[in-house]
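**Student:** I'd like to go over a predicted model; first the sequence, then the structure.
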There are 2 protein chains.
Amino acid sequence: MKILICDDDREIVDAIEIYLKSSGYEAVKAYNGIEAVEAIENEEPHLIIMDIMMPKMDGIAATLTIREKQNIPIIMLSAKSEDTDKILGLQTGADDYVTKPFNPLELLARVKAQLRRYTELGSAEINPGAYQSGGLVVDDTCKTVTVDGNDVKLTPMQYKILLLLIKNKGKVFSINEIYESVWNEDSYNAENIIAVHIRNIREKIEINPKEPKYLKVVWGIGYKIENI
Amino acid sequence: MKILICDDDREIVDAIEIYLKSSGYEAVKAYNGIEAVEAIENEEPHLIIMDIMMPKMDGIAATLTIREKQNIPIIMLSAKSEDTDKILGLQTGADDYVTKPFNPLELLARVKAQLRRYTELGSAEINPGAYQSGGLVVDDTCKTVTVDGNDVKLTPMQYKILLLLIKNKGKVFSINEIYESVWNEDSYNAENIIAVHIRNIREKIEINPKEPKYLKVVWGIGYKIENI
DNA sequence: TACACTTTTAAAGAATTTCTCAAAACGATG
DNA sequence: CATCGTTTTGAGAAATTCTTTAAAAGTGTA
């Protein structure tokens, strides 16, 4: 796990680095907001520890910039222990707020808690029963399929196949797996049957069926819904 | 959004409830760990605020029980401001730790931050079934191969060979071992076949195929994926 | 039964991959 | 440094896998 530490006080950065490394984390350092934003693009850290008061670009501005594109956990660090500062920091998009001076072990525990949430515990399903990839949405509660907001009518078989694929978007299913999963029978003549269904689904959900954007073939293996 | 408040001090529960409701949250109340665990099953809250010191079942024990099945955010509340207590709480599975007395507005900000992480920002994608060596990643679920983040398209045979090698990175496979493992047949003309495949794989995954970084030959013995 | 629609079958045409063969380059060894 | 066996390389034929079309068979409904 790679962690970006960003503070204009080099002593603090070095101290945090020592603690992180002792727990087996990799550390990347930055000394102002601009460097932090750059480091995120280049190093792709898994978590950011960021001071608020910094030259050039402060932690609040950096957090806003980062949140435009990224969703990685951010722990804010600040000498300001005023509650209003904490509230502002958390509102900006930070996941946690620690005031200086801090116990390094507490910071470490908070780092671990944030990483656990981010990497292990995961997040809630916003709309249970709805699956999405790019502009393609399958809502299994309403049994509707939309592409870029436009309704698409699929036949029952087409729908079942698409649902299986998008429920596991990114995962590749062989023709037999699709057949056995959708038909609940041993596969017979599955190649042809699936091939035709795939084509008909593409006809409906793809802008250009010849160059599918969503429903892709993985040569020699099977089909999948691209994870967009 | 539904939030479970759990504390044996009814005044605190009621106070928090008022603040939460003023921000548009729905509140569910519990007064010890056992009630909390029950409430989670019945009410399915989106976040839990839980005191540590409680009769019957304390907050630590309740958190452990909850985490066996659930991944919803838990904010711990406690009069203990000792750092070791915070660390223990966070280690147990809590996402945040707030010490009493607290500013209700800060608690509210932390509630919002946790809910944002849980429902909006989401989590990192963790990939079971992914194998890696340096910048080379083979994801066997999606059947994808990436080098330094760039997608690489392999043919089925190329993929199977690479998967075998990277699954056992560092281990050397003879040409016959590769053939028999990938083709499930006795080897015939394997030298040539494997050689060509190795070449084609290198062409795709190596920056400079002449000096392979990942897929190395071990003279007179076979091939392996370097363990980086 | 007639109609509209969905599913399956069959098969040709495209596209892609695998294998073969032969020659060149390379590493180890005396 | 000459030789031998191993590995690398290039190009094209053969085999396999997808895509597409079209028609037959099946299903439900008025």
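**Tutor:** Perfect, thanks for sending it.
**Student:** going forward, measure contacts between C-alpha atoms and count neighbours the same way
**Tutor:** Will do.
**Student:** how about the residues of chain A near chain B?
**Tutor:** Proximity of chain A to chain B (Cα under 8 Å from any Cα of the partner chain) is limited to residues A:71-72, A:83-84, A:86-87, A:90-91, A:93-96, A:103, A:105-106, A:109-110, A:112-114, A:117-126, A:170-172, A:218-221.
**Student:** show the pLDDT at residue A:51.
**Tutor:** pLDDT for residue A:51: 94.
**Student:** that one and DNA strand C: what is the separation?
**Tutor:** Relative to DNA strand C, residue A:51 is positioned 49 Å away (Cα to the nearest atom of the strand, to the nearest Å).
**Student:** poorly predicted segments of chain A, please.
**Tutor:** Where chain A drops to pLDDT under 70, the residues are A:125-126.
**Student:** can you give me the strands in it?
**Tutor:** A:2-6, A:26-30, A:47-51, A:74-78, A:96-99, A:130-133, A:136-139, A:144-147, A:150-152, A:215-218, A:222-225 (DSSP state E).
**Student:** can you give me the helices for chain A?
**Tutor:** A:10-22, A:33-43, A:59-69, A:83-92, A:104-115, A:156-167, A:175-183, A:190-205 (DSSP state H).
**Student:** looking at these, which is closest to residue B:201?
**Tutor:** Closest approach to residue B:201 among the helices of chain A (Cα to Cα): helix A:175-183, 25.5 Å.
**Student:** okay, which residue is most central for chain A?
**Tutor:** residue A:71 (7.1 Å; Cα atoms, centre = their mean).
**Student:** how about that residue, what does it touch?
**Tutor:** B:121-123 (Cα atoms under 8 Å, 6 or more residues apart in numbering or on different chains).
**Student:** quick check, nearest of these to residue A:131?
**Tutor:** Using Cα to Cα, those come closest to residue A:131 at residue B:122, 14.9 Å.
**Student:** doesn't residue A:120 make contact with the closest one?
**Tutor:** No - applying Cα atoms under 8 Å as the test, residue B:122 and residue A:120 come out as separate, 11.2 Å apart.
**Student:** comparing these two, which shows the higher neighbour count?
**Tutor:** Ranked by neighbour count (other Cα atoms under 10 Å in any protein chain shown), residue B:122 and residue A:120 place residue B:122 first, with 22 against 14.
**Student:** ok, now how distant is the more buried one from residue B:93?
**Tutor:** 18 Å (Cα to Cα, to the nearest Å).
**Student:** same thing with residue A:14?
**Tutor:** 28 Å.
**Student:** more neighbours: the two, which one.
**Tutor:** Regarding residue A:14 and residue B:93, a neighbour count based on other Cα under 10 Å identifies residue B:93 as having more, with 23 against 15.
**Student:** ok, the more buried one touching residue A:113?
**Tutor:** Yes - using Cα under 8 Å, residue B:93 is in contact with residue A:113, at 7.1 Å.
**Student:** need the residues touching each of these two.
**Tutor:** Joint contacts of residue B:93 and residue A:113 (Cα under 8 Å, 6+ apart) do not exist.
**Student:** tell me the domain ranges of chain A?
**Tutor:** Domain ranges of chain A: A:2-121, A:130-225, per automatic domain parsing.
**Student:** just give me the neighbour total for residue A:84.
**Tutor:** Residue A:84 has 14 nearby residues by other Cα under 10 Å.
**Student:** can you check residue A:162 too?
**Tutor:** Using other Cα under 10 Å: residue A:162 sits among 25 other residues.
**Student:** ok, residue A:175 next?
**Tutor:** Count around residue A:175 with other Cα under 10 Å applied: 19.
**Student:** that one reaches residue A:189, doesn't it?
**Tutor:** No - taking contacts as Cα under 8 Å, residue A:175 lies outside contact range of residue A:189: 10.2 Å.
**Student:** now restrict the residues of chain A next to chain B to buried residues only.
**Tutor:** If you count burial by 16 or more other Cα atoms under 10 Å in any protein chain shown, the buried members of those come out as A:71-72, A:83, A:86-87, A:90-91, A:93-96, A:105-106, A:109-110, A:112-114, A:117-118, A:121-124, A:170-172, A:218.
**Student:** contacting residues for the nearest residue to residue A:172 once chain neighbours are set aside?
**Tutor:** Distances taken as Cα to Cα, 6 or more residues apart in numbering or on different chains place residue A:224 nearest to residue A:172, at 4.7 Å, with adjacent residues excluded. Residues in contact with residue A:224 (Cα under 8 Å, 6+ apart) are A:165-166, A:169-173, A:215-218.
**Student:** same list (those residues) but as CSV, adding distance to residue A:9.
**Tutor:** Supplementary listing: the contacts of residue A:224 in CSV, determined by distance: Cα to Cα, whole Å:
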residue, distance to residue A:9
A:165, 50
A:166, 48
A:169, 45
A:170, 43
A:171, 46
A:172, 49
A:173, 52
A:215, 51
A:216, 50
A:217, 52
A:218, 51
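**Student:** write out the residues of chain A neighbouring DNA strand D.
**Tutor:** Listed as neighbours of DNA strand D in chain A under the rule Cα under 7 Å from any atom of the strand: A:191-192, A:195-196, A:198-199, A:209-210, A:216-222.
**Student:** 10 Å - rerun?
**Tutor:** A:174-175, A:191-203, A:208-212, A:215-223 (Cα under 10 Å from any atom of the strand).
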